[in-house]
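A.B. asks: need a structure here:
(chains A and B)
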Amino acid sequence: MGWFKRLKDGIQTATQHKKEAPDGLWYKCKHCGETSTMKEMRENYLKCPKCNYHTRIGSHDYFDLIFDGKYTELFLELKSKDFLNFKDLKTYEDRLKSANKKTDLPDAISVAHGKVRKRPVVIAAMDFSYIGGSMGSVVGEKIARAIDFAEENRMPLLLISKSGGARMMESAFSLMQMAKTSARLARMAKAGVPYFSMMTDPTTGGVTASFAMLGDLNFAEPEALIGFAGPRVIKETIKKDLPEGFQTSEFLLEHGFLDFIVDRADIKEKIGDILLLFSNAEANA
Amino acid sequence: MVFLDFEKPLEVLYEQLEKIQQVGEQGEVDVSATIKELENKIKQTRKELYNDLSGWQRVQLSRHPERPYTLYYIEQMCRKFVELHGDRYFADDKAIVGGIGSLDGQSVVFVGHQKGVNTKMRQYRNFGMANPEGYRKALRLMKLAERFNFPVVCLVDTPGAFPGIEAEERGQAEAIARNMFEMAQLRVPIVVTVIGEGASGGAIGIGLGDSVYMMENTWYSVISPESCSSILWRSWDYKEQAAEQLKLTAEHMTDFGIVDGIIKEPLGGAHTAPDEAAKILKRHLKKEIAELQKMTPEERIERRLEKFGSIGQYDVLESEAEATAKAK
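C.D. replies: From the prediction side, this is the model:
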């Protein structure tokens, strides 16, 4: 017989008597289940202090992590709109509104220029929290403009991907952003301006199948999900279980699609090194 | 003949026609007038049915089991055609075919998705779903075309790039991305036609060109209506709605300026008169190639970049624009 017994079933505490743990003090890791303080987390580059799980962080976290202090954001004027009047269970317009409210971001990508170890660079980073980091017209246009800006100013471009893929609610327009960004990158490559692609958890679908895979260097954070088709779709198609570690950064490195994997703690140093090595890059056409 | 669900009135008429023809064959009654009447009725019904097709009906037509596929069109259009195989790295993909053919004396490199014509062949062709080696074969052939100044013709007809373990291992995403990257700078004309299904990355992987047209009963979208339904509605039952919402028909795509125009099909769809469809397609390809050959490679590349670079719908906020201008 147990020492303690629940006499009444269910939760008896009324909502108004519920004791809330204050937000932002504790972090419970999705990966290992261990709890750490947010302070420890922040000191550990927003990775789990216990298992080194790289949490999904936002574009501005990456800007703070990589740039030497200040940076200038670009193309904030571009906003998504529901031009197809797309409606599933919700309208696209409502999805945009709630994403704007939830994230306070202009869209699923932010672009900024600044310096890393004193060398100029343009960084475009995606936000998964904004409709799954999906690529619609605004994401495509911002990337296109980031490429133009990098090319005009002959600054290397670093693009940090974190996306579920194309934004269905923009139908073929989102599909065409794949062609648009890839075509623009081909022009920049010809002009001899270096492009570095960093993939983070997750990078899938139309984003992987366009700019994310087209870097002069392709690299990724550890244990990120990277692939074309999502694991669920593949499982349903082939009706077999997927092998351990399938579609992780390590899997891609092993199969020859990444140059290296970089721990978040080392990103800044690595980017600094690369910028130094590419500092005398020029077009050779 | 295979009838789609919305073609039920036609099916009934055809059955009547068949019965009356049998009566006629017995030779006791003169049925020619009735046959004539029925044939007119069939024509009329077909016209009415096809006058205003929904998005989903176009999707159904694009998947009609008797619809002509890439190799049929090539064989009909070219007096000479040599099929070429393999990506030179891994394998020969059966879902993307290609080769050199002659369009009335002009050598052209063809690349296209290929579906099978019966159950066995459908499996052999993997239902038109290519693996990375398919995209890499396509790119190899396009590079060959560039070397010898042959125009490239791409025929798109796929339910999507294959989502499999090996496809991921061999870099499905990289193969598709690389094709768009290289096609953007290819020095020879690229003429793209959607002849059936134009689904997502699998389609755009051979879809970046100087001229992009859709045949009348085809669709082009970021995702198939079924998958869209399963993700956004969390059920497979909303494919018709999804097809409407995605605005994936040739009319919509032309209105949006994403494709350059529509290629008419014989009434009732390409499968009702495939040889006629092939003639129409051939005329179209010859015209497009001739137009594009008037430009220099640099002009074409610039135009291609502008064409795809200008696709997108968004708002520009004035106040923020000024802020950004200052920041520059």
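A.B. asks: For the rest of this, base every contact and every neighbour count on C-alpha atoms.
C.D. replies: Fine.
A.B. asks: Assign A:Ala183 to helix, strand or coil.
C.D. replies: For A:Ala183, the reduced secondary structure class is helix; criterion used: DSSP: H, G, I helix; E, B strand; the rest coil.
A.B. asks: Could you report the neighbour count for it?
C.D. replies: The tally of other residues near A:Ala183 (other Cα atoms under 10 Å in any protein chain shown) stands at 30.
A.B. asks: If we ignore the residues flanking it in sequence, what's nearest the residue of the stretch 1-150 of chain B found nearest chain A?
C.D. replies: Scanning the stretch 1-150 of chain B for the residue nearest chain A gives B:Pro132, at 10.9 Å (criterion: Cα to the nearest Cα). In space, and not counting its chain neighbours, B:Pro132 is closest to B:Gln172: 4.7 Å by Cα to Cα, 6 or more residues apart in numbering or on different chains.
A.B. asks: how about residue 94, secondary structure?
C.D. replies: Reading this off chain A. Reduced to three states with three-state DSSP, the structure at A:Asp94 is helix.
A.B. asks: List the contacts of whichever residue of chain B sits closest to chain A.
C.D. replies: Among all residues of chain B, B:Ala173 sits closest to chain A, at 3.9 Å; criterion: Cα to the nearest Cα. Residues touching B:Ala173, when contacts are defined by Cα atoms under 8 Å, 6 or more residues apart in numbering or on different chains, comprise A:205-206, A:208-210, A:213, A:227-228, B:132.
A.B. asks: tell me the pLDDT at the residue nearest to B:Pro132?
C.D. replies: B:Gln172 is assigned a pLDDT of 98 by the prediction.
A.B. asks: Past the helix or strand B:Met180 falls within, which element shows up next along the chain?
C.D. replies: Using DSSP states H and E, the secondary-structure element containing B:Met180 is helix B:172-183. For helix B:172-183, the following helix or strand on the C-terminal side (DSSP H and E) is strand B:190-199.
A.B. asks: which parts of that next one are buried?
C.D. replies: Along strand B:190-199, the positions that meet the burial threshold by neighbour count (16 or more other Cα atoms under 10 Å in any protein chain shown) are B:190-199.
A.B. asks: now those in CSV, with distance to B:Ile289 and pLDDT?
C.D. replies: Rendered in CSV, the data for these read as follows (distance: Cα to Cα, whole Å; pLDDT from 0 to 100):
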residue, distance to B:Ile289, pLDDT
B:Ile190, 8, 98
B:Val191, 7, 98
B:Val192, 11, 98
B:Thr193, 12, 98
B:Val194, 16, 98
B:Ile195, 17, 98
B:Gly196, 21, 98
B:Glu197, 23, 98
B:Gly198, 22, 97
B:Ala199, 25, 95
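A.B. asks: Now render these as a markdown table, adding distance to chain A.
C.D. replies: Rendered in a markdown table, the data for the buried residues of strand B:190-199 read as follows (distance: Cα to the nearest Cα, whole Å):
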| residue | distance to chain A |
| --- | --- |
| B:Ile190 | 14 |
| B:Val191 | 15 |
| B:Val192 | 14 |
| B:Thr193 | 15 |
| B:Val194 | 13 |
| B:Ile195 | 17 |
| B:Gly196 | 16 |
| B:Glu197 | 13 |
| B:Gly198 | 10 |
| B:Ala199 | 9 |
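A.B. asks: so what's the closest residue to chain B within the stretch 151-285 of chain A up against?
C.D. replies: Taking Cα to the nearest Cα as the measure, the point where the stretch 151-285 of chain A comes nearest chain B is A:Ala209, at 3.9 Å. A:Ala209 makes contact with A:178, A:228, B:172-177, B:201 under the criterion Cα under 8 Å, 6+ apart.
A.B. asks: Could you pull up the residues touching A:Asn284?
C.D. replies: Residues in contact with A:Asn284 (Cα under 8 Å, 6+ apart) are A:Gly192.
A.B. asks: How is it assigned, secondary-structure-wise?
C.D. replies: For A:Asn284, the assignment made with three-state DSSP gives coil.
A.B. asks: picking up where we left off before, what's the closest of the contacts of B:Ala173 to A:Leu84?
C.D. replies: A:Leu84 lies nearest to A:Gly206 out of the contacts of B:Ala173, by Cα to Cα, at 19.9 Å.
A.B. asks: What strand or helix carries the closest one?
C.D. replies: A:Gly206 is part of helix A:205-208, with elements assigned from DSSP H and E.
A.B. asks: Let me know the average pLDDT across that helix.
C.D. replies: The average of the pLDDT scores along helix A:205-208 is 97.
A.B. asks: Likewise for stretch A:253-262?
C.D. replies: Across stretch A:253-262, pLDDT averages out at 98.
A.B. asks: List the buried residues in it.
C.D. replies: For stretch A:253-262, a neighbour-count test (16+ other Cα under 10 Å) marks A:253, A:257-258, A:260-262 as buried.
A.B. asks: just stretch B:30-38 next, same as before
C.D. replies: Applying a neighbour-count criterion of 16+ other Cα under 10 Å, one finds B:31, B:35, B:38 buried in stretch B:30-38.
A.B. asks: Of all pairs in the contacts of A:Ala209, which one spans the longest distance?
C.D. replies: Set against one another by Cα to Cα, the contacts of A:Ala209 have their most distant pair in A:Met178 and B:Gln172, with a gap of 14.3 Å.
A.B. asks: start to end distance for stretch B:262-271?
C.D. replies: Stretch B:262-271 has its terminal residues 17 Å apart, counting by Cα to Cα, to the nearest Å.
A.B. asks: quick one: that stretch to chain centroid distance?
C.D. replies: Centroid separation between stretch B:262-271 and its chain, computed with Cα atoms, centre = their mean, to the nearest Å, is 12 Å.
A.B. asks: Please list the residues outside it that contact it.
C.D. replies: Applying Cα under 8 Å, 6+ apart, the set of residues contacting stretch B:262-271 from outside is B:46-47, B:50, B:61, B:64, B:66-68, B:213-217, B:250-251, B:254, B:272-273, B:276-277, B:280-281, B:284.
A.B. asks: please redo it, this time with the cut-off set to 7 Å
C.D. replies: By Cα atoms under 7 Å, 6 or more residues apart in numbering or on different chains, the list of residues contacting stretch B:262-271 from outside reads B:46, B:50, B:66-68, B:213-217, B:250, B:273, B:276-277.
A.B. asks: do the same with stretch A:44-60
C.D. replies: A:29, A:31-32, A:34, A:40-41, A:110, A:125-127, A:201, A:264-265.
A.B. asks: What residues of it count as buried?
C.D. replies: Buried positions in stretch A:44-60, judged by neighbour count with 16+ other Cα under 10 Å: A:44-50, A:52-60.
A.B. asks: Done for today, thanks.
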